[in-house]
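Engineer: fold the following and give me the result.
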Amino acid sequence: MLRRTLALPGLLFLPLLALAGEIDLDRLLNARTAPEGVVFEIVTGDEDALEWALPRVKRAIDRLRQRFPQLPIAVVTHGEEMFALETSVRDSYTGVHDTVRSLLADNVTVHACGTFAGWRGLAEEHFPDYVNLSAAGPAQINDYRALGYMVIVVTDD
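Structural biologist: Numbering: from 1, shown residues only. Got it, this is the predicted structure:
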C-alpha cells in the first residue's frame, strides 16, 4: 500500500495527520495539475523489502506517467532495505537490481542513504553506478520537498 506515514527512530510507522509535501497516490492522480515532481520514500527494517516495494513503486510510476507524462520522479531508500542495492549482493537480489535499472531507463533517479551506508563501513564504490548514494536519505527527501516535489511514503501495510 502507498500511504502517508512518518518514520520514527526504531523504524516505527505512524499515520500522519499532516506533513507538508506528503500525499497519497490516489489524491495525486486526481489532482488537476501535476506537482513539480514526486519522490517515493522507502524506509523499513527489512533488507528484503525492496523485493515488494520496488514493484509497487514501479506500478505507481506507470500510473503517474500515464496521467502526467513528463513528471519528474525519484526514489529514496534509507532503511535496512537499501543494503539489497549493494554490488556484493546483486546476485541475491537480481530482481531488485533489474527494477532499479529499469527505473533509471524511465528517467527515475534512485538514491540510497550515504550516512546509513557509512555506519556499516560502506561507500559509493560498494553500490552500482545506477544507485545514487546521497549524503543522507532524509536530507535528500527534504531537498526534493524544497523543489516542490510531493512525497509518497511506501509501507508494507
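
Engineer: point me to the residue sitting farthest from the middle of the chain.
Structural biologist: If you look at how far each residue of the chain sits from its centre, by C-alpha atoms, centre = their mean, the farthest one is residue 32, at 24.1 Å.

Engineer: check contacts around that one.
Structural biologist: When contacts are counted by C-beta atoms under 8 Å, 6 or more residues apart in numbering, residue 32 is found next to no other residue. Heads up, the C-betas are built off the backbone N, CA and C, glycines and all.

Engineer: do the same with residue 156
Structural biologist: Counting by C-beta under 8 Å, 6+ apart, residue 156 makes contact with 1, 44, 46, 49, 52-53.

Engineer: separation between it and residue 140?
Structural biologist: Between residue 156 and residue 140 the distance, using C-beta to C-beta, to the nearest Å, works out to 22 Å.

Engineer: PyMOL command for the buried members of the contacts of residue 156?
Structural biologist: Listed next is the PyMOL selection for buried residues among these, using 16 or more other C-beta atoms under 10 Å:
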select buried, resi 44+49+53
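
Engineer: just the ones of the contacts of residue 156 in helices?
Structural biologist: Within the contacts of residue 156, residues falling in helices by DSSP state H are 52-53.

Engineer: dump the contacts of residue 156 into JSON lines; add pLDDT as well.
Structural biologist: Formatted as JSON lines, these follow (pLDDT from 0 to 100):
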{"residue": "1", "pLDDT": "43"}
{"residue": "44", "pLDDT": "93"}
{"residue": "46", "pLDDT": "95"}
{"residue": "49", "pLDDT": "97"}
{"residue": "52", "pLDDT": "96"}
{"residue": "53", "pLDDT": "97"}
